[in-house]
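# output the structure for:
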Amino acid sequence: MAWHVFIPDSLLEETDDPKIRTYKVGQIARSCAIFGVEHIWIYRAGGRDGRFIKTILEYAETPQYLRKRLFPLMPELRYVGVIPPLRTPHHKLKGKPRVGEIREGFAFLKGKRVYADIGLDELALVEGDVEGRATFRIVSVRPLRVVPAKPEEYWGYRVHLTRKSLAKTLKKARLDLTIATSRRGRDVREVKLPPLEGEVGFVFGSPRKGVMELLGEEEYDFDLILNTVPNQRTATVRTEEALLATLAVFNLIRRD
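Predicted coordinates:
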């Protein structure tokens, strides 16, 4: 099973403060990491921040020791210091290497050999045909050698900036179960929730428009439209707050 989250490119329309904008996206990243979201989709909703949101989400997901290799200096990253660290399994700290350990790395050609920066004091010699960002398993510590590997535990999320409408983005994701969140939806406490299997998507609106408004005249057959924050005591629930609340509810019935 994989969880998908859908957020609008107008997510940040309520604030122009670059530090707050960065922090809000960091909150999305943190919530998705806590609950093991594997795909974050940014759909077109009349906003102009899709590229910014994608950059901040990808920066947050990248292990700290690889960020200088993968992200050039850019104004969008000026306030990334406010982003809370994800501390996911692939954000490993520097330590003594162990045979069998899996680490995220960046492979590049050096002379006639391919080496990988895996966040240790020395580069690792790569056995296999791979360059760029990849996941590796340590097969020897003296000398330090690695092979490409596929992690079995949660290893972060991928970000998709589609520049397409919500309906087209949902169709592109090929979901098995699609759940829209709405204040006008059915109370989540009164609904018998279906088993969570396959590709499961959670859809969120923008600060000023709900999911149905953003869907417009397009058609999409949601499996469920739910109010996941019943009895809210505030006039509004921000997108990042709704996302955290929704994922927390469904995490209670997740069994994988």
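
# how long is stretch 155-165 from one end to the other?
Using C-alpha to C-alpha, to the nearest Å, one end of stretch 155-165 lies 28 Å from the other.

# cool, stretch 213-231 as well?
First residue to last in stretch 213-231 (C-alpha to C-alpha) measures 22 Å.

# contacting residues around it?
Residues from elsewhere that reach stretch 213-231, judged by C-beta atoms under 8 Å, 6 or more residues apart in numbering: 8, 43, 45, 165-168, 170-171, 177-189, 191, 193-194, 203, 205-206, 211-212, 237, 241-242, 245-246, 249. From N, CA and C alone the C-beta is placed, and that goes for glycine too.

# so how far is residue 52 from residue 193?
Look at residue 193 and residue 52: by C-beta to C-beta, to the nearest Å, they are 34 Å apart.

# swap in residue 195?
Counting by C-beta to C-beta - residue 195 and residue 52 are separated by 36 Å.

# buried ones from the contacts of stretch 213-231, can you make that a PyMOL selection?
Restricted to buried positions by 16 or more other C-beta atoms under 10 Å, the PyMOL selection for the contacts of stretch 213-231 reads:
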select buried, resi 8+43+45+165+166+167+170+177+178+179+180+181+182+185+188+203+205+206+211+212+237+242+245+246+249
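
# just the ones of the contacts of stretch 213-231 in helices?
Mapping those onto helices (DSSP state H) picks out 166, 167, 168, 170, 171, 211, 212, 241, 242, 245, 246, 249.

# make a markdown table out of those and add distance to residue 223.
Output for the ones in helices among the contacts of stretch 213-231, formatted as a markdown table (distance: C-beta to C-beta, whole Å):
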| residue | distance to residue 223 |
| --- | --- |
| 166 | 15 |
| 167 | 15 |
| 168 | 18 |
| 170 | 11 |
| 171 | 14 |
| 211 | 13 |
| 212 | 15 |
| 241 | 23 |
| 242 | 18 |
| 245 | 19 |
| 246 | 14 |
| 249 | 15 |
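
# of those residues, closest to residue 79?
Taking C-beta to C-beta as the measure, residue 79 lies nearest residue 241 of those, at 20.6 Å.

# quick one, longest helix in the chain?
The chain, longest helix under DSSP H: helix 18-34.

# just how off-centre is it within its chain?
10 Å (C-alpha atoms, centre = their mean, to the nearest Å).

# now do stretch 26-40
5 Å.

# output it as CSV, restricted to C-alpha atoms.
The C-alpha trace of stretch 26-40 is given here as CSV (Å, rounded to 0.1, in the frame of the first residue of the first chain):
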residue,chain,number,x,y,z
GLY,A,26,7.9,22.3,6.1
GLN,A,27,4.9,21.3,8.2
ILE,A,28,3.4,19.5,5.2
ALA,A,29,6.7,17.6,4.8
ARG,A,30,6.9,16.7,8.4
SER,A,31,3.3,15.4,8.6
CYS,A,32,3.8,13.3,5.4
ALA,A,33,7.0,11.8,6.8
ILE,A,34,5.4,11.0,10.2
PHE,A,35,2.7,9.0,8.6
GLY,A,36,4.7,7.4,5.8
VAL,A,37,3.3,9.2,2.8
GLU,A,38,5.1,8.1,-0.4
HIS,A,39,3.8,10.6,-2.9
ILE,A,40,2.9,14.3,-2.7
